[in-house]
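A.B. asks: Provided below are the primary sequence and the corresponding predicted coordinates.
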Amino acid sequence: MSQNFEDTILALATGSLHAATALIRISGNAASTTANILGFKLQKQRLASVAILKDGERKLDEALVIFFKGPRSYTGEDVMELHVHGGRAVIEAVINTLQKQGGFRIAEPGEFTKRAVLNGKMDLTKAEGINDLIQAETEAQRVQSFAQVDGALSEIAFGWREKAIKIAAHVEAYIDFPDEEIPESTLTSLGDEMSVLIRDIEKGLNDGRRGEILREGFRVAVIGPPNAGKSTLVNWLSKRPVSIISEQPGTTRDVLEASLDLGGYPVIIADTAGLRASTDPIENEGIKRAQEWAKTANSRLILLEPSTEAGFLERLKPNPERDLVVLNKIDLLPRDLKKEETLAISLKDEIGLDKLLNGLKKIVSKRMVGKEPPVITRTRHREALQSCLNSIKSAKTALLLGEEPEIVAEELRASTKSLGRVVGAVDVEDLLDVVFGDFCIGK
Amino acid sequence: MTETKVIVIGGGHAGAEAAAASARLGVPTVLITQKKETIGEMSCNPAIGGLGKGHLVREIDALDGLMAKAADASGIQFRVLNRSKGPAVRGPRIQADRDLYKEAVQQTLFQQDNLSIMEATVEDVVCEKTGVVTGVVLSSGEKVACSALVLTTGTFLRGVIHLGESKTPAGRIGDEPSIGLALTLEKFGFALSRLKTGTPPRLDGKTIAWGSLLEQNGDCPPEPLSYLTDEIQNEQRSCFITNTNETTHAIITKNLNKSPIYSGQIEGVGPRYCPSIEDKVVRFADKNKHQIFLEPEGLNTDTVYPNGISTSLPADVQEHLVRSIAGLENVRIIRPGYAIEYDHVDARELKHTLETKKMAGFFMAGQITGTTGYEEAAGQGLIAGINAGLVALAKEPNFIIDRAEGYLGVMIDDLVTKEIKEPYRMFTSRAEYRLQLRADNADIRLTEKGVRIGCVSEYRKGRFEKKRSNIEKAEDTLKMLKLSPSALSKLGIAVNQDGIKRSAHELLGHRDIGKERLLEIWPEVGQIPQQYLELCRNNSMYESYVRRQEADIEAYRKDENLVFPKGMDFCSVGGLSNEARQALETVKPQTLGQAARIPGITPAAAIILLRHVRAQGRRRRHLQGSG
């Protein structure tokens, strides 16, 4: 994908058409020329005014227009906002008039935010948060995305960055200024500071991957013997016919996913092939896929039916913390035979379905609700922080083993480099600022 | 004088190295100085080397420069700093006899082939064709032609000395400042700004109560700075340590209004790592004492340099304050300390060869580029001198040391890339590949490169090649000697029982295994001379880290090889923030790597630059193809 950053970009910023209003956003050097092209007078910047948009003498629409002079704009460039009426023909007419002029092109998805990052209007973590906020489908996702836009990760990681810089700077001072009465205790006391930082970062990392799961969806695999009612259950949960239902065992062959909002949490529920010994290669492939999906799922909903053989459940080794065992088709059983300990339902007669939903919510919230909200929402953050953590641990080990300070410093350099991938690179000047601020150095 | 090819203006540490290096390339060279007798003068403290600085001196020596040899000839105390730390961060330093040092530098220069010394003041630079230097004009009006010029004015460019409330124009105490050249630089459009540095009062050693002070001896035996010096001949001297106290601090606080730094009389920025005693007392008010090193200035002088109390307070206050210090109660000040303000050029106007971007054949080196310190100056002089020599030989001036090759490279790259906010001094923390850039392997890193360009004498080349082959032999021997983990554990050496044999070379770098232990296992190790064994040990010690850095270095060099087209217009690159665009316009980086190191250039901005260059390359090829 090649992009020319010299262009002025424009795009419809609002969603579905046939709406009362729609926002056309224009960003770049030519944004201010929009007024001229569309035949209206540019009013004071950052103030809304009403204008008739024209293509030559042809009137296009009456719009509310606002001009933001860069760098005081979302992208940091000149930005024009045209709030037009939300009809397809209106929008096409306005966009076509601009494009005819040359120098304007339709923005790629996310390009406005990308320019904002490139122009230093926001850091990458905030931009990622904005993207998540746009994608957010559940309340919990909204809360988490907004926290990131608001700087939740930036702030915490920035705090770690400062601590890491201080530690590295003290080691550097100890190395570079041997004549300056920097006591050896400077170095030994850093062990404690490293421990604190290690603990903080570990705590951040040790969030059960809740942030990533919340972004990507909590994965529940519905597994069980053929014909237990898995497809019926998934259709019922997602309130739509995801899977074909028939009396025939082994109807579901592939893994079929459906999304649902469970108490604000996004859940991806998967219908899978019934587990049994089969000679049909296609069915066997389906069973293999079911098992693989279940292996990486956050939870398994094991659906049984009264005729399921006794050893089936045992072989799956259910974990009560994360799996839910459900017995379906209790309508077929005499009343006194129902087992108390198992969640017993009938999808056919809609018995016990509330309890099933509650059970599922409990499993999801057990995993997703923590003492503190998670700040890591992406694998990219996790990998960078994990590698930072490993380096600080190596530095601490080197320090405790009494290895040379330049070895300790080397590990710390690696740690700040990793951290820099989340919150801005660490330069030698950052270290020297601390060195000269904390020690009276120089003869 | 139509013969002259390279002119060097200034006879300080930068000028001396530049002139000698150009002459070593076989280029007829003239060094122009105001006073022949001050060539090689140590204007500040009588010491050479230290952390980072000692590394620079060894690198200068590796390229056959003067500084290390002159230091060895004049050293009256030798100490390797950081002996308790690893070899990568050990920095050799010497205390010099000022007169002997100057004498050694002068002797080398006076005997150097192709080099002549001229006593004169340069008033102007001639630039006859647009953007090419063709000569200089002396104060006598005489013109001297050249094909390349190295300007090393030190603190002389519009220098002003501050002592209390008095201000005196001077380049150094007792020397005239250079005003004409400052005007010349302005005429050519170089942006000048002010920096400041200071020096302490000089004391009469006969009036110091030495007996009460802590003595600091040098190393015994002394370790020379030059790879060519086998033995130090001079008699050795000690330094002594005393401290300021609360009375001293009270005197300073009371008289702060008389200090030009605090009265606002000085606008130049001073270095944070070399603060005046006024600065120390104000900024670290909670410290009740500051250390002072009393350094001898020579074998035949009583003058003592009190390192740690640089000051520009009035002379009477200086006397009052030094006499409050233990051991100095009756001291006599020979010459008061002072602060000096001077002009420097924004080094971002220079290329990595230290040639100015504005004018071909015009080089700058030393304090004029915003650095401080003899070693930093000498290092730049050497590189500028070699490249000026190459210009004179009508060759491409392309002698550049990169950041992975040496501290010289780190320094010059920092200077030409980053804005200087205080005088630039070398620290080992500035070198990201520090573990490979040791003071003990500078010759291994650089001498061959120097031989190729022609700045290294036959004598040094011969010694170097012998040494290198001896080290290779030693490493081969050590790598051949191998034992399995189980055999080693029987000998009491614990390694992972992974079945992989360990060589003597690997074990040598292990912190818990001494050389003696190795000798017990393999007596043949004893045949390796001590100095080579030590080098092998140091190589082995960092081997795993060095290997880890190889990928970084490869990436760094890849970016360094992506050269922007000449005269690239950074303003035309769309998508960059105004800040980034401005930074790029100021620095005009020559490579993608340099651009990425400019503060304010984010990785994203670097990617835009990369795309822009690639797209332009395609466009150009396309045009060529169709045309």
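C.D. replies: Cool, the structure landed. Treat the numbers as computed from the prediction; the structure is a model and nothing was measured. Residues are numbered from 1 along each chain as shown, chains lettered A, B, ... in the order given.

A.B. asks: low-confidence ranges in the chain?
C.D. replies: All of this refers to chain A. Low-confidence regions of chain A, defined by pLDDT under 70, span residues A:1-6, A:335-341, A:442-443.

A.B. asks: Correction: the question concerned chain B.
C.D. replies: Across chain B (using pLDDT under 70), the flagged ranges come out as B:1-3, B:617-627.

A.B. asks: Looking at it, which residue is nearest chain A?
C.D. replies: B:Gly575 (2.3 Å; C-beta to the nearest C-beta). Any C-beta I mention is one placed from the backbone N, CA and C, and that applies to glycine too.

A.B. asks: which bits of chain A sit near chain B?
C.D. replies: For chain A, the contact set with chain B under C-beta under 8 Å from any C-beta of the partner chain comprises A:2-7, A:71, A:76, A:115, A:117-120, A:172, A:175-181, A:403-407, A:409-410, A:413, A:425, A:427-429, A:431-432, A:436, A:440-443.

A.B. asks: Please list only the buried members of these.
C.D. replies: A:3, A:5, A:7, A:76, A:115, A:117-120, A:172, A:175-180, A:403-407, A:409-410, A:413, A:428, A:431-432, A:436, A:440-443 (16 or more other C-beta atoms under 10 Å in any protein chain shown).

A.B. asks: could I have stretch B:121-128 exported to PDB, CA atoms only?
C.D. replies: Taking Å, rounded to 0.1, in the frame of the first residue of the first chain, the C-alpha atoms of stretch B:121-128 are listed here in PDB:
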ATOM      1  CA  THR B 121      46.700  36.200  12.600                       C
ATOM      2  CA  VAL B 122      44.100  35.200  10.000                       C
ATOM      3  CA  GLU B 123      41.500  37.900   9.400                       C
ATOM      4  CA  ASP B 124      39.400  36.500   6.700                       C
ATOM      5  CA  VAL B 125      38.700  33.400   4.600                       C
ATOM      6  CA  VAL B 126      38.600  33.700   0.800                       C
ATOM      7  CA  CYS B 127      36.000  31.900  -1.100                       C
ATOM      8  CA  GLU B 128      36.500  32.800  -4.700                       C
END
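
A.B. asks: before we move on, the earlier item: and the residue of chain B closest to chain A, backbone torsions?
C.D. replies: Backbone torsions for B:Gly575, taken as degrees, to the nearest 10, come to phi 80, psi 0.

A.B. asks: pretty sure it is touching A:Val117, no?
C.D. replies: No: contact between B:Gly575 and A:Val117 fails when scored by C-beta atoms under 8 Å: they sit 10.9 Å apart.

A.B. asks: all strands for chain A, in order.
C.D. replies: Here chain A has its strands, by DSSP state E, at A:8-12, A:19-27, A:49-55, A:58-68, A:79-86, A:104-106, A:218-223, A:256-262, A:265-271, A:299-304, A:324-327, A:343-344.

A.B. asks: Could you dump the ones you listed into TSV and include mean neighbour count?
C.D. replies: Putting the strands of chain A into TSV (neighbours: other C-beta atoms under 10 Å in any protein chain shown) gives the following:
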stretch	mean neighbour count
strand A:8-12	22
strand A:19-27	19
strand A:49-55	16
strand A:58-68	18
strand A:79-86	22
strand A:104-106	17
strand A:218-223	25
strand A:256-262	17
strand A:265-271	23
strand A:299-304	24
strand A:324-327	21
strand A:343-344	19
